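Undergrad: this is a predicted model, with the sequence first.
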Amino acid sequence: MLEAIILTVITAATPLLLASIGELVAERSGVLNLGVEGMMVMGAVAGFAATVTTGSPFAGILAGLVAGVLVSLLFAFATLTLVANQVASGLALTLFGLGLSGLLGESFVGKPGIKLPSLHIPGLTDLPFVGRILFGQDILVYISFALVAAVSWFLFRTRAGLILRAVGDNHVSAHALGYPVIRVRYLAVMFGGACAGLGGAYLSIAYTPLWVENMTAGRGWIALALVVFSSWLPWRLAIGAYLFGAVSILQLHTQTLGLGVPAQFLSMLPYVATVLVLVVLSGNRRAAKFNTPACLGTPFVPDR
Amino acid sequence: MRLELVKRAEMSRAMMVLSPLIAVALTVVAAAIVFAVSGHNPLTGIWLFFLEPVTSLWGLEQLLIKATPLIVIGLGLAVCYLSNNWNIGAEGQLTIGAIVGSAIPVLAPEFDSWVVLPLMVAMAMAGGAAYAAVPAVLKTRFGTNEILTSLMLVYVAGLFLDWLVRGPWRDPKGFNFPITVTFNPSATLDSFPVGGLWLNLSAPIALLLVIVFAVVMRFTLKGFEIRVLGQSPRAGAFAGFSARRMTLFAFLLSGALAGLAGIMVVMSEIQKLQPVISPGYGFTAIIVAFLGRLNPVGILVAGLVIALSYLGGEAIQTSMQMSSKVATVLQGMLLFFVLACDTLILYRIRLVRGRHGAGEGAHA
Amino acid sequence: MATAGGRARDTSGTPLLEVRDVVKTFGSNVANDSVSLKVMPGEIHALLGENGAGKSTLVKIIYGALQPDAGEILWKGRPVSVGSPAEARALGIGMVFQHFSLFEALTVAENIALAMPKGTDARKLGRTIAEVSRDYGLPLEPDTRVADLSVGERQRVEIVRCLLQNPALIIMDEPTSVLTPQEADQLFETLKRLASEGCAILYISHRLEEVRAICHHATIMRRAKVVSETDPTRETVGTLARMMVGSHVAEIHRERAVPGATRLELRGLDVPATGPFGVALKAIDLTVRAGEIVAIAGVAGNGQGELFDALSGENPAPSDGMVLIDGKPVGHRGVNVRRRAGAAFVPEERLGHGAVPGFRLSENVVLTRHGTREGITRSGFTKVAVAGRVVTDVTDRFDVRKGTPDPEARSLSGGNLQKFVVGREVHREPGILVIAQPTWGVDAGAAAVIRQALIDLARAGSAVLVISQDLDEIFEVADRIAVISRGHLSAAKDAAEMTREEIGLLMAGGAEKRGEP
C-alpha cells in the first residue's frame, strides 16, 4: 500500500517539478511567465501526437520539449523585444496554448497512447519496497531530479548562473556592466518553455497515456505557485512538488476508502492547498524578500 | 537585423486607436493563413468567419447574446487591470454568481412573483462579489499573489457547481442527467422584438453599464483614482488614495459584474444549471478588456468582435468542416497582437541592421 | 608626465585618453556636439557641467555603454572602438557609477566577480578583495550581501571593484553626492594616492569647491559642447560657475527672517521602521515658525523619506499629538486632511510620487488638490477646466517650458517639471510647505527660481521645511538647520552659527547622541 502510494506520488509530482524548475530559472532572470499552463498543454499535445505517430515515446519527449520552446518564444518576443506587459502576455500564452492544443489534438482524442517505459534493472528493480521506487521509474522522473541538481549547480556555482541572477536582480546594472540582459532572458524563457513542455509531455505519455483537451487542469498554475513556495531555491522546489503530488494523490486514495466525501470536494484539494500555501508563505515576506528577483516582471529597455 | 525601441516623449494618441485595429488586421491575416494551410480558400474562410455571421438577423441576435456577458465582465476586469489588480478568476465568480442567483428557482420553484428576477440578479451579484472578495482580502491582508489565488478559485467553483448539479440540486425527474429543474417563467428573462431582433433585457443593461463606466472613468474622481493607483501607487498614496481599498473595490465590482453576467446567461439562455454554463466567458473577457484598451467604449466594440469569432468558429464548422476551436486559437493570437501593438503607443519601432549595440555585444 | 602631488599639467606626452569631435544624438536631441577631451596619465581631470550638459553621455561613450554617431576615441595614442563596457575594462578603463550599479541580492564578492574577466578564480578573488580593500583604507567583508551595506560601504565596493582591474583610468560620476563631508575627505585621500601611482581619474561633479581642491585640470561642458578648459586651482568658485552656467545666475534675495507663531510642530515623533531596510524615527522634536525656513540636512537613507511620509500623512504617526499643524493635532490623519489644514508637500521624487508620469499636467493638478475644496472637484466629478487654469497660472509664474499647453508630465525636462511640482503647491499659498530635495538634478536657472520661491513664501508668513542633502542649497535658503542621522534629529540651530564641519559631525552620528540617555 505505502509503496503504491509513493509510486503514485512520484507520477503526480514529476510534471509539477519539471514545469516549475524551468519557471524558476525564468523568474530568476527577472521574467514572470504566467503562460506555464499554455506551454505545458502544448507539450502534452505535441508529445502525444509524436508518440502516436512515430510509435516512440522518446520522440514524444523531444516533441514536447520543442513545442514548449516554440510557444515560449512567442511570449519572449512580446515581452522582451516589444516590452509588452508580462502578466497579460502570460495569460495570452495560456489562452493561446489551450486553444491551439485543442485544435491540434482534435484528431487524437480517444486514440490509445503508448506509455513511456520504466527502467528495469534486474536485481535492483526487484528489490523489495525500494526497488521500484528507486530503480523502476521512467526516464523523465530521473531527468526531473537531474534538472533540479543541474539548476542548483548552475545558479550558485557557475559564472553564467551568477550573470543570470544579476540580470534578475538589477537589469540596469547588468546592462551597464555589459551583460546582454535581453539575450539572457530569452534563453531563460526558452529553458522555461522546454521544461514546461517536458512536464506536459509527461502527462500525455507517462501519467495517463491519452490526449484529453485541457488535460493539464491547472498544473501550470500550481507550478507557478510552487516557485513562490520554493522562494526561488531549486531543492525547496523539489520538496514542494512532492508535497503537492502527495496532496493530489491523497484524494484518489481517500476516494477508495469511501469516507463519503464527494469526489468533487476531494478534487478541489490541490487548488485549495495552493491557495492556503500561498497565504501562509506571504505571511512571512521577510524570508522570501532576499531571494525574490528584484526585477521580476519589470520590462527592460536599454537607452541607446 | 534587430528591432530597436525608441521611446516617445508622449503617448501616441493615434496609436491608442490604431493599435487594436492593427491587431485585428493581423489576426485576419493569421486566420487566412490557417485556412490556407488547412486547404481552404482563405477568402472564403474570412468571409464565413468574420462577415457571414452578421448577415442574418439570427446571426445578429446570437452576436448580442454572446457579446453581452463578455462586455459586462470586461468592464469590471478593466477597472481591475487599470488599478493594477490582476483578477483572472472572473470565470469562477461568474459560476458562483450563477449558483447563488439560481438558488430561488432551484430551491423554491413554486415562488412566483415579480421580485424573483431582481432578487436573483442581486443575489448573483452579491455571490460573485463575495467570491472575488477572497483573493482581494488575501492580497490586502497577507500580500498573497491575487493572480494565482483568483485562478485557483475558478477550479474550485467549477467543481462545486459540478457537485451541486450531480448531487443536492439535481432534478429528481431529470433521468439522472446532471441538471437542475428548469426555471419557472418568473425566473427567466423574456425576449421581445426590437426592429426585427428578439432581445432580452441583458443587452440594454450591458449598454447602460458601458455608458455609466465611460462617464465614471472619464469625468469623476473615482475614475481618476483608479487610473492613478494603477499607474503609480506612490503618487496615488500622495493623492490620499488607498491602494488596499482600491483592491477591494475593484475585485468586488468585477466579481459582482461577473456574477451578473453569469445569472444573465442562466436566466435567458440555459434556464437551468448544468455542469458547464459558460464557454469560458470569464477568460475570454480578459481578451475583451485588453482589446478594448481597458476603455468602456473600446470594450463594447471588442466584445462584439470577440463574440463574432465565436459565431465564426461555428460557421466554419458547419460550412467548411473545420474545427470550431480555430476561434479560440485566433482569440489567443488576437490578445498577443494587441499586447504587442500596444508597444507602439509608447515606443517607435526601428529596424536596425548590422552589429549589435551597447550591452548586447559579445562579453569578454 | 604630470608629477604626483604637484598640480602642474604637462601635456607634452601622449594623452592617456583622447576624445576627438564626438557627436551623439538621441532622436532630435543633440547630447554631445563635437566634444573633444584629453586626459593625461596620473591626472585628476574634472568634467564639469550642469545637469543635461552632456557629461553622462560622454562618459557612457568612453565606457562603451553608448556608441558615438561620429568622432573617434584614442587610447594611449591609438584609435580604438569601445564596443561595450567589457571592452572598456579590457583596455583599462573603470567606472564608479553615481547611482550604484550594484546587485543588492548578491554578495560583495559576487558583485566584484561580475566585473572581472571570465575565468577569475572565485576563491582567490575573496582574498584579493580583502587585501586590496584594506590596502586602500576601504575595508570590506567579501561575503556580506550588498543589501546590508551602508551607502558609503557600497561606494567602497564600487571603487574596489574598479581597482581590482588595475585600471589606467577611473571614471567617477558624482562620487561625493552620497557621502558625509568626512567620508568625502577620505575619498579624496584615496584618489590622490591613486593619482600618485599613475592612475588617471576623470572626475564628474558640479561641486566646484571639491573640484578646486583636488583636480589638476577641468573641462567644462555646456549644452552638449565643451565650452572651456582650465586649471581649476587658478579659478574661483564664481568663475567656474560662470563657465558652467554661461550667464550670471539670478542672485537670490533674502532678508533676515522675523519668525512669527509656530505653524508646524513635531512632538516626540516616533515611527517604527516599515520593511527590513527602513529607518525608524526616534523621538523627533521640531518647530517651524511662520516666516522662516528650517532645513534638515543628512546623508541619504537616514530617515528623510520616513520623516517626509510621517509629515505628509502617507505613513501616519502612531498618535495624533505627534504632528501639529497650526496647533491642530493631525499625526494620525491622512494627507488630504493635512492639506485642508493648510499644509502642502513636495516629495523628493518628481516622477512617480509628486506626479504621475503619463498624466497631463492638469491631471497632476487634480492629484494633489482634489481634496482642498478649491473647486477642482465637485460632487465627485473632476473639473478639468479649473485644473487647466492652475496649470496656466503656475506656468506663467514659474516659467515652465513645455511644448504643448497641457503635456504629459514625463515629457517635461527635470527642471521644468520640478518648477511645476513646486509651483503647483506654492500656488495654493499654503501655510506650511514641506519640501524634500527642492532642486535635486535641476539646472542652475530653475534652482534659483525654486529657492527664491521658497524664501518668498516664507517671508510672506508661511513655515517652510526643507529636507535636503545639498549643503550649498541649505546654506543658501535656511534660517535654521537640523541634521538627521539614523532616525534621530539634532536640535535646529541658527544657520549663521552652523559650520560644515559641525553638520558633518552630526551627520556621522552626532545627532543620535541627543536621543540616547
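TA: Okay, I see it.
Undergrad: tally of neighbours for residue B:227?
TA: 20 (other C-beta atoms under 10 Å in any protein chain shown). Glycine gets a C-beta too; all of them are placed from N, C-alpha and C.
Undergrad: next SSE downstream of the helix or strand harbouring it?
TA: If you go by DSSP states H and E, residue B:227 is part of helix B:221-231. Counting by DSSP H and E, the next helix or strand C-terminal to helix B:221-231 is helix B:233-238.
Undergrad: buried set for the following helix or strand past that next one?
TA: Counting by DSSP H and E, the next helix or strand C-terminal to helix B:233-238 is helix B:243-265. Counting neighbours by 16 or more other C-beta atoms under 10 Å in any protein chain shown, one finds that the buried residues in helix B:243-265 are B:243, B:246-265.
Undergrad: go back to the residues you listed and keep what's next to chain A.
TA: Filtering these for neighbours of chain A using C-beta under 8 Å from any C-beta of the partner chain leaves an empty set.
Undergrad: show me where chain A has its helices.
TA: A:2-28, A:36-54, A:57-76, A:86-105, A:130-135, A:139-157, A:159-169, A:171-176, A:181-202, A:219-229, A:234-257, A:263-282, A:285-289 (DSSP state H).
Undergrad: surely residue B:181 meets residue B:272?
TA: Yes. At 6.6 Å, residue B:181 counts as touching residue B:272 under the criterion of C-beta atoms under 8 Å.
Undergrad: what is in contact with those two at once?
TA: residue B:171 (C-beta atoms under 8 Å, 6 or more residues apart in numbering or on different chains).
Undergrad: list the residues that contact residue C:54.
TA: Contacts of residue C:54 (C-beta under 8 Å, 6+ apart): C:31, C:32, C:33, C:35, C:221, C:223, C:224, C:225.
Undergrad: which ones among those residues also lie next to chain B?
TA: Counting by C-beta under 8 Å from any C-beta, no member of these is near chain B.
Undergrad: contacting residues for the residue in the stretch 201-304 of chain A positioned nearest to chain B?
TA: Proximity of the stretch 201-304 of chain A to chain B (C-beta to the nearest C-beta) peaks at residue A:264, 3.8 Å away. The contact partners of residue A:264, by C-beta under 8 Å, 6+ apart, come to B:159, B:160, B:162, B:163, B:166.
Undergrad: what about the host helix or strand of the second one, distance to the chain center?
TA: For residue B:160, the host element (DSSP H and E) is helix B:146-166. Mean C-alpha position of helix B:146-166 versus that of the full chain (C-alpha atoms, centre = their mean, to the nearest Å) differs by 17 Å.
Undergrad: what is the mean pLDDT for the next helix or strand after it?
TA: Tracing the chain C-terminally past helix B:146-166 and defining elements by DSSP H and E, one meets strand B:192-194 next. Throughout strand B:192-194, pLDDT has a mean value of 81.
Undergrad: which elements pack onto strand B:192-194?
TA: Strand B:192-194 sits against strand B:197-199, with contacts defined as 3 or more C-beta pairs under 8 Å, 6 or more residues apart in numbering or on different chains; DSSP states H and E.
Undergrad: report the strands that pair with the strand it packs on, each with its relative direction.
TA: Strand B:197-199 has the following sheet partners, assigned by DSSP bridges: strand B:192-194 (antiparallel).
Undergrad: how about residue B:222: what's its closest non-neighbour residue?
TA: Nearest residue to residue B:222, sequence neighbours excluded (C-beta to C-beta, 6 or more residues apart in numbering or on different chains): residue B:216, at 5.8 Å.
Undergrad: what about that neighbour, which helix or strand?
TA: helix B:202-219.
Undergrad: what does that helix contact?
TA: Against helix B:202-219 from outside (C-beta under 8 Å, 6+ apart): B:64-65, B:67-69, B:71-72, B:75, B:78-79, B:82, B:189, B:222-223, B:226-227, B:257, B:264, B:268, B:295-297, B:299-300, B:303, C:381-382.
Undergrad: list buried residues within these.
TA: Counted by 16+ other C-beta under 10 Å, the contacts of helix B:202-219 give B:64-65, B:67-69, B:71-72, B:75, B:78-79, B:82, B:189, B:222-223, B:226-227, B:257, B:264, B:268, B:295-296, B:299-300, B:303, C:381-382 as buried.
Undergrad: can you count the residues close to residue 90?
TA: Picking chain A for this. So residue A:90, with other C-beta under 10 Å, has 27 neighbours.
Undergrad: was after chain C, sorry
TA: Neighbour tally, residue C:90, other C-beta under 10 Å: 14.
Undergrad: buried residues in the host helix or strand of it?
TA: Using DSSP H and E, residue C:90 sits within helix C:85-91. Under the neighbour-count criterion of 16+ other C-beta under 10 Å, helix C:85-91 has C:85, C:86, C:87, C:88, C:89, C:91 buried.
Undergrad: and chain A, which of the residues you listed contact it?
TA: Counting by C-beta under 8 Å from any C-beta, the members of the buried residues of helix C:85-91 near chain A are C:85, C:86, C:87, C:89.
Undergrad: from the residues you listed, which is closest to residue C:21?
TA: residue C:87 (20.9 Å; C-beta to C-beta).
Undergrad: correct me, but residue A:232 touches residue A:25?
TA: No. Contact criterion C-beta under 8 Å: residue A:232 and residue A:25 do not qualify, at 9.5 Å.
Undergrad: hmm, the helix or strand containing residue C:339 touching chain B?
TA: According to DSSP H and E, residue C:339 maps onto helix C:335-340. Yes. Interface with chain B: helix C:335-340 contributes C:335, C:336, C:339 (C-beta under 8 Å from any C-beta).
Undergrad: ends of stretch A:97-113, how far apart?
TA: Stretch A:97-113 stretches 21 Å from its first residue to its last (C-alpha to C-alpha, to the nearest Å).
Undergrad: so which residues on the stretch 101-250 of chain A come close to chain C?
TA: Checking the stretch 101-250 of chain A against chain C by C-beta under 8 Å from any C-beta, the hits are A:159, A:162-163, A:165-166, A:169-170, A:172-179.
Undergrad: out of those, which comes closest to residue C:132?
TA: For these, the nearest to residue C:132 is residue A:177 (19.0 Å; C-beta to C-beta).
Undergrad: where does chain A have low pLDDT?
TA: A:258, A:283-290, A:303-304 (pLDDT under 70).
Undergrad: and the strands in the stretch 251-400 of chain C?
TA: C:262-271, C:281-289, C:293-297, C:323-325, C:328-329, C:343-346, C:377-378, C:381-382 (DSSP state E, counting those that start in this stretch).
Undergrad: pipe those into CSV and attach distance to chain A and mean pLDDT per row.
TA: As requested, the strands of the stretch 251-400 of chain C are exported to CSV (distance: least, C-beta to the nearest C-beta, whole Å; pLDDT from 0 to 100):
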stretch, distance to chain A, mean pLDDT
strand C:262-271, 19, 95
strand C:281-289, 21, 95
strand C:293-297, 29, 95
strand C:323-325, 28, 96
strand C:328-329, 33, 94
strand C:343-346, 26, 97
strand C:377-378, 30, 90
strand C:381-382, 27, 92
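Undergrad: and the ones you listed as JSON lines, adding distance to residue C:232?
TA: Converted to JSON lines, these look like this (distance: least, C-beta to C-beta, whole Å):
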{"stretch": "strand C:262-271", "distance to residue C:232": "41"}
{"stretch": "strand C:281-289", "distance to residue C:232": "38"}
{"stretch": "strand C:293-297", "distance to residue C:232": "26"}
{"stretch": "strand C:323-325", "distance to residue C:232": "45"}
{"stretch": "strand C:328-329", "distance to residue C:232": "52"}
{"stretch": "strand C:343-346", "distance to residue C:232": "34"}
{"stretch": "strand C:377-378", "distance to residue C:232": "54"}
{"stretch": "strand C:381-382", "distance to residue C:232": "53"}
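Undergrad: between those, which gets nearest to residue C:27?
TA: strand C:343-346 (29.9 Å).
Undergrad: say whether chain B is contacted by the helix holding residue C:90.
TA: Yes. Helix C:85-91 is in contact with chain B by C-beta under 8 Å from any C-beta, via C:85, C:86, C:87, C:89, C:90.
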